[in-house]
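1. one predicted model, sequence on top.
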Amino acid sequence: MIDDSHIAAANEADEARLRAEYDALGEQLDRRGIDIATVTEKVAAYGIAVPSWGVGTGGTRFARFPGAGEPATIFDKLDDCGVIHRLAGATPRVSLHIPWDDADPADLRAKAKEHGLGFDAMNSNTFSDAEGQAHSYKFGSLSHTKKPVRDQAIEHNLHCIELGRKIGSKALTIWVGDGSNFPGQVDMTRQFERYLDSARAIYGALPEDWRLFTEHKIFEPAFYSTVVQDWGTNYLIAKELGDRAFCLVDLGHHAPTVNIEMIVARLIQFGKLGGFHFNDSKYGDDDLDAAAIDPYRLFLVFNELVNAADRPGFDPSHMLDQSHNVTDPIESLMNSAMEVQRAYAQALIVDRAALSGYQEENDAMMASETLKRAFRTDVTPILEMARLEKGAAIDPIATYRASGYRASVAESRPASKSGGGGIV
């Protein structure tokens with residue numbers, strides 16, 4: 001871990017500058033009728049989960065180039081997640097992926113407690129084959145034509161639920177790569193019926209206080225057709241399964257021109273928005289850092305979320321889901337968590353009364369400018385003050401780099417080998 005004195009020393013050098021900028025922003029917001037302390041309090045209370053797999057180096061279709069000090073076990077991953085939360089103060093939960101993170105639940109709880117972390121939604125993997133499994137998922141899992149394969153995939157999800165129950169998780173996320181790569185390869189209707197039957201078996205095993213999240217994806221690894229290919233199909237699944245089934249929206253799982261904030265609005269309206277996997281993309285499922293490409297879109301998503309915050313029972317899950325190929329994963333995850341917080345803070349300072357008025361009067365120009373005024377506001381002092389007040393780092397990335405953490409763990413963790421890509 002990173003010593004508290006190291007964070008305190010870094011903050012001391014930056015605190016005077018921060019307080020001056022925070023006061024200046026507070027005066028600006030006060031003239032707009034916004035209390036900066038209230039916004040800061042909400043930002044400080046906001047938390048987003050980090051994916052356990054995100055602290056390792058990702059890869060492309062062609063190759064993977066590992067970095068120094070990569071985590072070798074789930075306990076290494078939790079150490080890295082602890083550093084992220086200690087510095088940025090915004091990631092109090094970790095989402096596990098099974099079978100990669102399978103371990104004794106008591107050991108998982110102990111390691112998480114060591115870092116002040118909890119566990120978010122469990123993630124099942126039936127999109128690749130694990131060592132020792134009896135049946136391959138090459139031609140699908142929950143929708144496979146052969147019942148023994150479907151049963152194996154169902155059983156894996158039930159195992160995820162059981163492990164999650166023992167470590168304090170309250171949700172299961174299902175994403176499958178099932179689909180087809182050639183016209184005529186599958187009967188699309190029967191394939192979807194098989195998927196629904198399998199999903200019903202999993203849903204029926206949920207503890208009463210759990211939720212099930214299903215995730216749609218337009219393509220990959222099935223390129224001609226995908227079983228859960230868009231939000232409409234995802235909504236049908238959630239409706240078919242029951243009240244505790246919800247749609248999970250991954251920002252990278254859509255075509256480049258899709259209006260994701262409208263999807264969010266629709267799912268909110270009909271009570272089926274379960275949560276998010278935040279990332280960014282230029283072309284497809286790029287899994288780039290949140291706000292790396294289109295920060296305005298991220299802001300527009302949070303505009304819908306803040307607008308719906310007062311709805312009874314509205315509590316979507318928020319998690320990052322990224323692949324880091326050319327950056328230090330710890331830095332990328334901290335940066336993304338802060339960018340998500342930034343979008344939230346900007347959405348909180350939207351003049352909603354003015355926006356509603358312009359919408360009612362069909363004043364497109366002023367409605368747009370009302371949103372842009374909030375988006376253009378530099379809320380960095382709010383994010384920094386929220387971190388300072390909870391004892392995290394004012395500048396997490398600079399503090400992390402100065403700590404030497406990456407070099408330190410590189411000395412004790414075995415070097416990871418480069419690997420080939422999956423699709424060439």
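-> Nice, thanks for sending it over. Computed from a predicted model, the values in this text were never measured in an experiment.
2. from here on, contacts and neighbour counts on C-alpha atoms
-> OK.
3. would you mark the buried spots in stretch 191-208?
-> Across stretch 191-208, burial judged by 16 or more other Cα atoms under 10 Å covers 191-192, 194-196, 198-203, 206.
4. how about the strands of the stretch 101-250 of the chain, start to end?
-> In the stretch 101-250 of the chain, the strands defined using DSSP state E, counting those that start in this stretch lie at 118-119, 122-124, 171-174, 179-180, 211-215, 225-226, 245-250.
5. can you add distance to Tyr358 and give the buried residues of stretch 191-208 back as JSON lines?
-> Shown next, in JSON lines, are the buried residues of stretch 191-208 (distance: Cα to Cα, whole Å):
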{"residue": "Gln191", "distance to Tyr358": "47"}
{"residue": "Phe192", "distance to Tyr358": "44"}
{"residue": "Arg194", "distance to Tyr358": "48"}
{"residue": "Tyr195", "distance to Tyr358": "45"}
{"residue": "Leu196", "distance to Tyr358": "44"}
{"residue": "Ser198", "distance to Tyr358": "47"}
{"residue": "Ala199", "distance to Tyr358": "44"}
{"residue": "Arg200", "distance to Tyr358": "45"}
{"residue": "Ala201", "distance to Tyr358": "48"}
{"residue": "Ile202", "distance to Tyr358": "46"}
{"residue": "Tyr203", "distance to Tyr358": "43"}
{"residue": "Leu206", "distance to Tyr358": "45"}
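6. what's the longest helix in this protein?
-> In the chain, with assignment by DSSP state H, the single longest helix is helix 4-31.
7. from the contact counts, what lies against the helix or strand that comes right after that helix?
-> Following helix 4-31 in sequence order, the next helix or strand is helix 36-45 (DSSP states H and E). Packed against helix 36-45, as judged by 3 or more Cα pairs under 8 Å, 6 or more residues apart in numbering; DSSP states H and E, are the following elements: helix 4-31, helix 329-348, helix 380-389.
8. Asp294 is nearest to which of the ones you listed?
-> helix 329-348 (11.1 Å; Cα to Cα).
9. now the element after that closest one, going C-ward?
-> helix 352-360.
10. helices and strands around that next one, which ones?
-> Packed next to helix 352-360, using 3+ Cα pairs under 8 Å, 6+ apart, are helix 364-376.
11. dump the residue contacts of Gly164.
-> With Cα atoms under 8 Å, 6 or more residues apart in numbering as the criterion, the residues that contact Gly164 are 121-122, 170-171.
12. which of those residues ranks first by neighbour count?
-> Ranked by the number of neighbours (other Cα atoms under 10 Å), these place Ala121 first, at 29 neighbours.
13. wait, that one touches Ser169, no?
-> Yes: in this structure, Ala121 is within contact of Ser169 by Cα atoms under 8 Å, at 5.8 Å.
14. coming back round to it: can you list the buried residues of stretch 191-208 in a markdown table and add pLDDT and distance to Thr226?
-> Shown next, in a markdown table, are the buried residues of stretch 191-208 (pLDDT from 0 to 100; distance: Cα to Cα, whole Å):
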| residue | pLDDT | distance to Thr226 |
| --- | --- | --- |
| Gln191 | 98 | 10 |
| Phe192 | 98 | 10 |
| Arg194 | 98 | 14 |
| Tyr195 | 98 | 11 |
| Leu196 | 98 | 14 |
| Ser198 | 98 | 16 |
| Ala199 | 98 | 16 |
| Arg200 | 98 | 19 |
| Ala201 | 98 | 21 |
| Ile202 | 98 | 20 |
| Tyr203 | 98 | 21 |
| Leu206 | 98 | 25 |
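15. what about Asn157, distance to Glu384?
-> Noted for Asn157: a distance of 40 Å to Glu384, by Cα to Cα, to the nearest Å.
16. now Ala49
-> Taking Cα to Cα, one finds Ala49 at 19 Å from Glu384.
17. now do the contacts for the spatially closest residue to Gly59 that is not a sequence neighbour.
-> In space, and not counting its chain neighbours, Gly59 is closest to Asn325: 5.6 Å by Cα to Cα, 6 or more residues apart in numbering. Contact analysis of Asn325 by Cα under 8 Å, 6+ apart lists 57-60, 64-65.
18. okay, and which of the residues you listed map to strands?
-> If you go by DSSP state E, these have Arg64 in strands.
19. among the contacts of Asn325, which pair sits farthest apart?
-> Thr57 and Thr60 (10.4 Å).
20. more neighbours, those two?
-> Thr57 (23 against 16).
21. need the pLDDT of the more buried one.
-> Confidence at Thr57, expressed as pLDDT, is 92.
22. do you know how far it is from Arg413?
-> In terms of Cα to Cα, Thr57 sits 14 Å off from Arg413.
23. now the helices for the stretch 51-200 of the chain?
-> 74-88, 105-114, 147-167, 188-204 (DSSP state H, counting those that start in this stretch).
24. comparing those, which comes out most buried?
-> helix 74-88 (a mean of 23; mean count of other Cα atoms under 10 Å).
25. and for that helix, what are the contacting residues?
-> Contacts of helix 74-88 (Cα under 8 Å, 6+ apart): 1-2, 7, 50, 52-53, 55-56, 71, 91-92, 94, 100-103, 108, 111-112, 115-117, 330, 333-334, 337-338, 387, 392-393, 396, 399-400.
26. what angle do that helix and helix 329-348 make?
-> 50 degrees (axes from the mean of the first three to the mean of the last three Cα atoms, to 10 degrees).
27. tell me the mean pLDDT over helix 74-88?
-> The model assigns helix 74-88 a mean pLDDT of 98.
28. now it - C-alpha only, CSV.
-> The C-alpha atoms that make up helix 74-88 are tabulated as CSV, following Å, rounded to 0.1, in the frame of the first residue of the first chain:
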residue,chain,number,x,y,z
ILE,A,74,-6.9,-12.1,-7.2
PHE,A,75,-5.2,-11.0,-4.0
ASP,A,76,-2.7,-9.0,-6.0
LYS,A,77,-5.6,-7.5,-7.9
LEU,A,78,-7.2,-6.5,-4.6
ASP,A,79,-4.0,-4.9,-3.5
ASP,A,80,-4.0,-2.7,-6.7
CYS,A,81,-7.7,-1.9,-6.2
GLY,A,82,-6.9,-0.8,-2.7
VAL,A,83,-4.3,1.6,-4.0
ILE,A,84,-6.8,3.0,-6.5
HIS,A,85,-9.4,3.7,-3.8
ARG,A,86,-6.8,5.0,-1.3
LEU,A,87,-5.6,7.6,-3.7
ALA,A,88,-8.8,8.6,-5.6
